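1. Sequence first, predicted model second:
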Amino acid sequence: MSFARIVGTGSYLPEKVVTNSDLEATLDTSDEWIRDRTGIERRHVAAKGQGSSDMAVEAAKRAIEAAGLTANEIDLIVVATTTPDKIFPSTACIVQRKLGIAECAAYDIQAVCSGFIYALDAADRYIRTDGGKTVLVVGTETMSRIVNWNDRGTAVLFGDGAGAVVLQASERAGLIATHMHADGSMEELLHVPQGISLGFDATCSDGAFIEMNGNAVFKRAVGVLGAAARETLDGHGIDRKDLDWLIPHQANMRIIKAAAKKLGLPMERVVVTVDEHANTSAASIPLALDIAVRDGRIKSGELVLLEAFGAGFTWGTALFRY
Ligand code: UT7
């Protein structure tokens, strides 16, 4: 059987950094509160005119180079994003053009913070059913554009960035399992209550912003992530002690610690980058993965579990050998 294997990773964070102290100047908040409650120290913010596709292209170039491939060898581009450049075409098509790829399939996936897991699932199935041999999967977000910078409850939490992986058909073990879930019944706990088909609300002159009941989202995330990890490991007969790394969605250090505790994993085996870039939604897992691959933590052959939770609600896991 052929596997979809990750053969290259890449990431990109925009140059501009906004620290917690910077936010103290404009919001009724403090560095101490943000660190204690979230683990976040800073976030990166895209420059004016810098789109999700621009960041995706930078991350993709690094992943393609790390894979030792050229862009023209890619058969499919899947971009997970909640913050596309335009209503249409898809950000994936814009990325294809900017990478100079003549022709390959390209589409976006919208599953908010779980988007990268959903996109990996699509890439895995495409490769294993002989759709093509090489897939570029990117998570990219300009969350700063949908954050209300006057709302301390959300403004301190999000950041911009992109992460990418190249997957290839391989006889060597790669992706072992993906599990996806969604529950649309609690939509209003975390949403941007504006959109295309229902119209943008003309009375909301400021723009379309994230609205969240943070505490309710927190509790739900901790609950379902434990069950999702158990489902994946038990379903594939994998003992927790055989797991080398957990890479959770980087939203809140307390959620990450709770997920690790439920799995009985020491924090030394959990990749944490939320301090550096805050919650970058669909970009957070591939960003953390690339950082841990490049600093030498994640080594060839190691067993890695990814887990995500986000608006929808959506959540899921991906288990792979690197
Ligand atoms: O990507 C997936 C989706 N998102 C998440 O996973 C986020 C999930 N939620 C969270 O991370 C946490 O719920 C937050 C970090 C958003 C909030 O932490 P919390 O421990 O749940 O705090 P809280 O919402 O219960 O608020 C506690 C207090 C409140 O004050 P009172 O009512 O106790 O006086 C808030 O008004 O903290 C206040 N507060 C702040 N204070 C200083 C809320 N935001 C801030 C702030 N600075 N930025």
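-> Looks like it came in fine.
2. can you pull out the strands in the stretch 1-150 of the chain?
-> Secondary structure of the stretch 1-150 of the chain (DSSP state E, counting those that start in this stretch): strands at 3-12, 16-19, 42-45, 76-80, 105-109, 134-142.
3. can you tell me which of those comes nearest to Glu302?
-> Nearest to Glu302 among the strands of the stretch 1-150 of the chain is strand 3-12 (11.4 Å), distances taken as CB to CB. Every residue, glycine included, has its C-beta placed from N, CA and C.
4. For the residue in the stretch 1-150 of the chain that the ligand sits nearest to, give me its contacts.
-> Residue nearest to the ligand within the stretch 1-150 of the chain (CB to the nearest ligand atom): Thr29, separated by 3.3 Å. Shown in contact with Thr29 (CB atoms under 8 Å, 6 or more residues apart in numbering): 20, 23, 152, 156.
5. Tell me which two in those residues are the farthest apart.
-> Greatest spacing in the contacts of Thr29, by CB to CB: Asn20 and Arg152 (11.4 Å).
6. ok, these two, which is more surrounded?
-> Neighbour comparison, Asn20 and Arg152: the larger count goes to Asn20, with 21 against 17 (by other CB atoms under 10 Å).
7. sorry, back to before: the contacts of Thr29 into a markdown table, with extra columns for pLDDT?
-> Listed next are the contacts of Thr29 as a markdown table, based on pLDDT from 0 to 100:
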| residue | pLDDT |
| --- | --- |
| Asn20 | 98 |
| Leu23 | 98 |
| Arg152 | 97 |
| Val156 | 98 |
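8. Export these to TSV and append columns for distance to Ala105.
-> Shown next, in TSV, are these (distance: CB to CB, whole Å):
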residue	distance to Ala105
Asn20	42
Leu23	41
Arg152	42
Val156	38
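9. which ones among these come in contact with the ligand?
-> When the contacts of Thr29 are checked against the ligand using CB under 6 Å from any ligand atom, the ones in range are 152, 156.
10. now, which of the contacts of Thr29 lie within helices?
-> Per DSSP state H, helices hold the following members of the contacts of Thr29: 20, 23, 152.
11. Closest one to Ile127 out of those residues, please.
-> Nearest member of those to Ile127, counting by CB to CB, is Asn20, at 41.4 Å.
12. Quick check, the closest one in contact with Ala155.
-> No: between Asn20 and Ala155 there is no contact under CB atoms under 8 Å: 11.0 Å.
13. Distance-wise, check Thr38 relative to Thr273.
-> Thr38 sits 13 Å away from Thr273, going by CB to CB, to the nearest Å.
14. do Ser2 as well
-> 31 Å.
15. Out of the contacts of Thr29, flag the one nearest to Ile101.
-> Distances from Ile101 to the contacts of Thr29, taken by CB to CB, are shortest for Val156, at 37.8 Å.
16. Correct me if wrong: the closest one contacts Ile40.
-> Yes: look at Val156 against Ile40 with CB under 8 Å: they come within range, at 6.7 Å.
17. what do those two both touch?
-> By CB under 8 Å, 6+ apart, the residues touching both Val156 and Ile40 are 20, 34, 278.
18. Any idea what Ala177 is bridged to?
-> Going by DSSP bridges, Ala177 is paired in beta bridges with Leu319.
19. I meant Val270, not that one.
-> Leu246.
20. sorry, back to before: deepest-packed of the strands of the stretch 1-150 of the chain, please.
-> Most buried of the strands of the stretch 1-150 of the chain, by mean neighbour count (mean count of other CB atoms under 10 Å): strand 134-142, with a mean of 32.
21. Mind giving me the packing neighbours of it?
-> helix 52-67, strand 76-80, helix 91-99, helix 115-128, strand 160-170, helix 284-294 (3 or more CB pairs under 8 Å, 6 or more residues apart in numbering; DSSP states H and E).
22. where are the low-confidence patches of this protein?
-> Applying pLDDT under 70 to the chain picks out residues 1, 202-206.
23. Show me what the longest helix along it is packed up against.
-> Looking across the chain with DSSP H, the single longest helix is helix 214-235. Taking 3+ CB pairs under 8 Å, 6+ apart as contact, the helices and strands that helix 214-235 lies on are strand 175-182, helix 253-263, strand 303-310, strand 314-321.
24. of those, which approaches the ligand most closely?
-> Nearest to the ligand, of those and by CB to the nearest ligand atom, is strand 303-310 at 4.6 Å.
25. Partner strands of that closest one and their direction?
-> strand 245-248 (parallel), strand 314-321 (antiparallel).
26. between those, which one is nearest to Glu58?
-> Of those, the one closest to Glu58 (CB to CB) turns out to be strand 245-248, at 20.6 Å.
27. The ligand contacts on the stretch 151-300 of the chain?
-> So the stretch 151-300 of the chain meets the ligand at 152-153, 156, 190, 214-215, 217-218, 221, 251-252, 255, 279 (CB under 6 Å from any ligand atom).
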